[in-house]
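Student: Here's a sequence, model it:
(chains A, B, C and D)
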Protein chains: 2
Amino acid sequence: MATLKDIARALDLSITQVSRALNDHSDVNEETRLRVKATARAMNYHPNASARKLVSGRSGMVGLVVPNNRNIGQDRLFMEVVAGLSTQFSGRGMQFVLHMMAEHEPVLPVYQKLIGKAMLDGFVLIDPLDQDPRIDFLRKTGISFVVHGRSGKSIDYPYFDIENEQLAYDLTFHLTQRGHRRIAFLNGLAGRSYVTVREQGYLRALRDGGAEVLPHLHLHGEMDDAHGLTDTIRLFSGDAPRPTAIVCGNVRLARGVYQGLEALGLSVPGDVSVVAHDDELPALRASAFFPSLTVTKSPLRDSWEPLADCLAGAIEGKPLGTLQRLGSYSFIERNSVATP
Amino acid sequence: MATLKDIARALDLSITQVSRALNDHSDVNEETRLRVKATARAMNYHPNASARKLVSGRSGMVGLVVPNNRNIGQDRLFMEVVAGLSTQFSGRGMQFVLHMMAEHEPVLPVYQKLIGKAMLDGFVLIDPLDQDPRIDFLRKTGISFVVHGRSGKSIDYPYFDIENEQLAYDLTFHLTQRGHRRIAFLNGLAGRSYVTVREQGYLRALRDGGAEVLPHLHLHGEMDDAHGLTDTIRLFSGDAPRPTAIVCGNVRLARGVYQGLEALGLSVPGDVSVVAHDDELPALRASAFFPSLTVTKSPLRDSWEPLADCLAGAIEGKPLGTLQRLGSYSFIERNSVATP
DNA sequence: CGGTTTTCCCGAAACGTTTCGGAAAACATA
DNA sequence: TATGTTTTCCGAAACGTTTCGGGAAAACCG
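Tutor: Take a look at the predicted model:
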């Protein structure tokens, strides 16, 4: 636990100069800088994070607050997020604080408290809602943050996102081009901003492609196998006009859809075409579906690096322009689409 | 971001007295204490963690360092650990720092660095190995820590553990009492301390129960479905004497074993008896096996609270006796065991 | 050689908290 | 009234770092 004082004493320098040498300030002799750095390493000195935070306002620690309302234990996505972000920040010499809230605990007071303790430099915000109150709150406090996604009309904060509107458009429009006129969309939970945005892309493509807009074909829900299965069964029960194609919000939904169609005795793509967006979650390969699944692909694991980048940049005070990034996706045509 | 100074000024008190009032020291008037606490809440004051850490040595932050060598993305256990610990510490008003190391990065320098930065009060240590070097290292530095499990001969540190020796004994001895003489044990990865300890329990039960000790029936490996399946196939191939019963380190292994036995045309328990230890991981119910599985049960999710308790206690300087805890387990007899 | 700039360094203050040692006032004891 | 005791308070120092404002010496310029 060597301190600046120890190094200063060892080299017969002032604490000031040692600090400046280690922080690469301009007015310190090149030779002394080297001597200081050498002895710092030798005494394996690490700057005391608390002292540093106290005076400079930076601690190198960032936080993720996770509302624990859903069954986290089952959630593969959550693990991806946590493992990805933690690895990224650890690799940058930063610390990653994971705060899991109690169920039904209000969110904003938690941020309030964490900010009050003044130990975090910033936050990562995931799963933004339409008009997310967290964003307004954090913006008001002035603390740095980065959003995984976008929400609200004035987007004047750092984010990393993919073009959800466009990929929903691409998937849907592809189906209209193959002649489909009744296209269902199994979307995510209503209220999530990416869900709303995808809906817009879906509707735009329906109009552009000359397909029917049928509200009963647009469904919201958890994006897992079970909902894919049950939604499919429902779409093909009852009297309402049935779809000839289904757009799935992710590959898990698509797996459920395949099961549902098989149970109904319908074939893919003979009776029903299916497309999906592929986050490339582990152990779930769209190419291994039978028939293999046509998707827009954008690996979720490519999110963590830009997210960490943007947050680190925001903390360093970089201009907003460099802190708003869009990930790319690719359209991969396989064998799950045919003409109706 | 109210500070002690703000409160002091508002109440015309000294900073000292405000601090003492908030920390429930003895020499402060009951009435002033209440006034102070009221205004503190009103100004929603939160003590600055860095300043506190700097002077008192406590920051209320603890860390978990995770070696990222295995495929974390797939690991359900990891998620349980992280979600459980984070929830526990958050609930105690403490902060949980998750540090995921790069693959093949040496561990001890990471601890060294984190301790050097002096922002953490302690560590949770999981998956201890026999003679785990991390334990020796942390002990030498003097920082608080708690181990999930036990390792080494002189166990003079806080831990939470279950009686792995005894439960392996119970499972194995149960089979000997039903007349089994050749009992296989699908254990975990060699080198883990709980694996070694379970082996001892298994061997002790074989001797006590008068069964044969056949080294080729004791197998090590990752404790998942795949290994349960492949190990089972191997146990019943070749010329070596075949087991009439199998002890599984967890329920995932047991599921693989059931699949393997079915593939071999062997029935449970008619041809082979199977028992396991049940960590009660979500979405894997031993009672839903067919035939339902006889187990020793000890929910893993019951570990996080005592672990957090013990670490918090260690940081507060409580005596070691209260910081070494053993979880209980129960033996649940179902339908997967018969006489050979 | 006088004046100006550059180079390299340092003391002291500040961040917000806890805690040590003392001290004034009120109260009890003799 | 003098002496101790308890109650309630406060000033000042300390934790380890960064940074502001200066300052001495060396280098440069005409």
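Student: Give me the distance between A:Ile115 and A:Arg134.
Tutor: Computed with C-beta to C-beta, to the nearest Å, the distance linking A:Ile115 and A:Arg134 is 12 Å. C-beta: built from backbone N, CA, C; applies to glycine.
Student: and for those two, which residues touch both?
Tutor: Counting by C-beta atoms under 8 Å, 6 or more residues apart in numbering or on different chains, no residue touches both A:Ile115 and A:Arg134.
Student: which SSE is the residue in the stretch 51-200 of chain A that chain B sits nearest to in?
Tutor: Closest to chain B within the stretch 51-200 of chain A is A:Gly116: 3.1 Å, counting by C-beta to the nearest C-beta. Per DSSP states H and E, A:Gly116 falls inside helix A:107-117.
Student: which helices and strands sit right next to whichever helix or strand comes after that helix?
Tutor: Later in the chain than helix A:107-117, the nearest helix or strand by DSSP H and E is strand A:122-125. Where contact means 3 or more C-beta pairs under 8 Å, 6 or more residues apart in numbering or on different chains; DSSP states H and E, strand A:122-125 is packed against strand A:61-66, helix A:133-141, strand A:144-148, helix A:304-316.
Student: chain center to the second one, what's the gap?
Tutor: Between the centre of helix A:133-141 and the centre of its host chain there is 18 Å, according to C-alpha atoms, centre = their mean, to the nearest Å.
Student: Tell me which other helices or strands it touches.
Tutor: If you count contacts as 3+ C-beta pairs under 8 Å, 6+ apart, helix A:133-141 packs onto helix A:107-117, strand A:122-125, strand A:144-148.
Student: could you redo the last one with a cut-off of 6 Å?
Tutor: Of the remaining helices and strands, none touches helix A:133-141 by 3 or more C-beta pairs under 6 Å, 6 or more residues apart in numbering or on different chains; DSSP states H and E.
Student: now check that helix, is it near DNA strand C?
Tutor: No - judged by C-beta under 7 Å from any atom of the strand, helix A:133-141 stays clear of DNA strand C, getting no closer than 14.6 Å.
Student: which of the residues in that helix are buried?
Tutor: Neighbour-count burial for helix A:133-141, counted by 16 or more other C-beta atoms under 10 Å in any protein chain shown, picks out A:Arg134, A:Ile135, A:Phe137, A:Leu138.
Student: What angle do helix A:107-117 and it make with each other?
Tutor: Helix A:133-141 and helix A:107-117 are oriented at 30 degrees to each other (axes from the mean of the first three to the mean of the last three C-alpha atoms, to 10 degrees).
Student: swap in the last one?
Tutor: On the basis of the same axes, to 10 degrees, helix A:304-316 is oriented at 50 degrees to helix A:107-117.
Student: Compute the inter-axis angle for helix A:304-316 and strand A:144-148.
Tutor: Using the same axes, to 10 degrees, the inter-axis angle of helix A:304-316 relative to strand A:144-148 is 160 degrees.
Student: measure A:Ser273 to B:Thr176 for me?
Tutor: In terms of C-beta to C-beta, A:Ser273 sits 60 Å off from B:Thr176.
Student: which of those two has more neighbours?
Tutor: Taking other C-beta atoms under 10 Å in any protein chain shown, A:Ser273 and B:Thr176 do not tie; A:Ser273 has more neighbours (24 against 18).
Student: Please say whether there is contact between stretch A:78-91 and chain B.
Tutor: Yes - contact of stretch A:78-91 with chain B (C-beta under 6 Å from any C-beta of the partner chain) involves A:Met79, A:Ala83, A:Ser86, A:Thr87, A:Ser90.
Student: mean confidence for that stretch?
Tutor: Across stretch A:78-91, the average pLDDT comes to 92.
Student: list the contacts for A:Gly233?
Tutor: Slight slip there: residue A:233 is Ile, not Gly. Shown in contact with A:Ile233 (C-beta atoms under 6 Å, 6 or more residues apart in numbering or on different chains): A:Gly260.
Student: gap between the two ends of stretch A:231-240?
Tutor: 14 Å (C-alpha to C-alpha, to the nearest Å).
Student: And stretch A:43-51, by the same measure?
Tutor: End-to-end distance for stretch A:43-51, by C-alpha to C-alpha: 19 Å.
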